[in-house]
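> Below are the sequence and a predicted model; questions follow.
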Amino acid sequence: MSEDKTTHFGYREVPLEEKAERVASVFDSVADRYDLMNDLMSGGMHRLWKRQAIHHAKLRPGLQMLDLAGGTGDLASLAMPALGADGQVVVSDINLSMLARGRDRLIDQGVGAQAAYVLADAEELPFPDASFDRVTIGFGLRNVTRKENALAEMRRILRPGGRAVILEFSHVYVPALRPLYDLYSFRLMPMMGRLVVNDAESYRYLAESIRMHPEASTLKGMMEDAGFEDCDYTLLTAGVAAIHTGWAY
C-alpha cells in the first residue's frame, strides 16, 4: 500500500476506496461457475489444500468457527463433521453473490441449518471480541484492501486458545517451475476464464493478485504483528499455496 492512499488491484494502482468495489465486480462475474473454474485451474488440487487447511484448524465438537471470505462454502462444508451437532460455522463474505452461492450449496447438502451467513467486511467484522474458537479464510486474504486490519480483526474475535488458519496462494520456490507457472497464470488462466465464464479480465486480475500477495515469511510476520503467537506456515505444491496458522493466547 502506497502513502498516497492507493493500493494495488492486480498490477494496477487504484484509490483505496475503489479496490473493494473492483473486487466485488470480479466475484459477481465469476460466482456462478466459481467452483468449476477452481477445479479446472487447479486440477482439483484446491480440494486437497482445503482438506489440509481444515486439518490444521484442529477442530473438535462444539467449537464455534468463523469462515471469512467463505465463498461457496468449501471450508464450512469440510468443517461441519468435525464440529458436530453442537458446533457452528458462521460463513461470512463481503460479496453477496458468493455468500448466496455458498448458502444454497450448503442447504443442498443438507447441512445449511448448522451454518449462519453474514455479509461482512473482513476489515470491520460485526462480532464482539472473543466470539469464536476458530477463524479460517481460504483464498480471500489477498483480495482484502488492508490485510493488516483483517488480521487484527481475526485476532480480536478469537477466544483465548483460539486458532486462525489462512489458506492462500504463495510464491513458487522451485526456480525451474516459475516460467511454466507464469505461462499458465497469465496465458492459460485468462483463456479458461474467457471460454468458461466469458471473462478473461477477472482471471487475469486473480493471477496478478497472487503475485502481489506477500511471501509466506512476510505474512507470518504480519500475523505476529497482529498479535498471533506460535505462528507457522506450510508450503503446498512447490509453494503454489500455503497454510498459515497462529494461536490466540
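Thanks, I have the structure now.
> now what about the helix or strand where residue 66 lies, what contacts it?
Per DSSP states H and E: residue 66 is located in strand 64-68. Under the contact criterion C-beta atoms under 8 Å, 6 or more residues apart in numbering, strand 64-68 has outside partners 57, 59, 75-76, 79, 83, 87-93, 122, 125, 127, 131-138, 140, 150, 154, 157. For the C-beta atoms, the positions are set from N, CA and C on the backbone; glycine is no exception.
> so where's the protein uncertain?
Residues of the chain meeting the criterion pLDDT under 70: 1-4.
> Next, the buried residues of the longest strand along it.
Looking across the chain with DSSP state E, the single longest strand is strand 158-169. In terms of neighbour count (16 or more other C-beta atoms under 10 Å), strand 158-169 has its buried residues at 158, 162-169.
> burial count for residue 100?
Residue 100 has 15 neighbours, counted by other C-beta atoms under 10 Å.
> now swap in the one 3 residues further on and tell me
The number of residues packed near residue 103 is 20, by other C-beta under 10 Å.
> any idea what sits nearest it, other than its immediate chain neighbours?
Excluding its sequence neighbours, the residue lying closest to residue 103 (C-beta to C-beta, 6 or more residues apart in numbering) is residue 117, at 5.0 Å.
> The one you found belongs to a strand, doesn't it?
Yes: under DSSP: H, G, I helix; E, B strand; the rest coil, residue 117 falls within a strand.
> Please name the bridge partners of it.
On the basis of DSSP bridges, residue 117 takes part in beta bridges with residue 91.
> looking at it, it is touching residue 102, isn't it?
Yes: between residue 117 and residue 102 there is a contact at 7.4 Å, judged by C-beta atoms under 8 Å.
> who touches both of these two?
Counting by C-beta under 8 Å, 6+ apart, the common neighbours of residue 117 and residue 102 are residue 91.
> Same drill for those two, tell me which one is more crowded.
residue 102 (27 against 19).
> The more buried one and residue 169, how far apart?
20 Å (C-beta to C-beta, to the nearest Å).
> And stretch 229-239, what's buried?
For stretch 229-239, by 16+ other C-beta under 10 Å, it's 231, 233, 236, 239.
> Shouldn't the second one be within a strand?
Put plainly, it is residue 233. Yes: under three-state DSSP, residue 233 sits within a strand.
> so who does it touch?
216-217, 219-220, 242-245.
> Can you select the buried ones from those residues in ChimeraX?
Of these, the buried ones go into a single ChimeraX selection, burial set by 16+ other C-beta under 10 Å:
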select :216,219,220,242,243,244,245
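> Out of the contacts of residue 233, flag the one nearest to residue 20.
Checking the contacts of residue 233 against residue 20 by C-beta to C-beta gives residue 219 as the nearest, at 20.3 Å.
> in which helix or strand would I find that closest one?
Using DSSP H and E, residue 219 sits within helix 216-225.
> What is that helix packed up against?
Helices and strands touching helix 216-225, by 3 or more C-beta pairs under 8 Å, 6 or more residues apart in numbering; DSSP states H and E, are helix 147-156, strand 158-169, strand 229-236, strand 241-248.
> contacting residues around that helix?
Counting by C-beta under 8 Å, 6+ apart, 141, 147-148, 151, 164, 166, 168, 170-171, 213-214, 231-233, 235, 239, 242, 244, 246 sit against helix 216-225.
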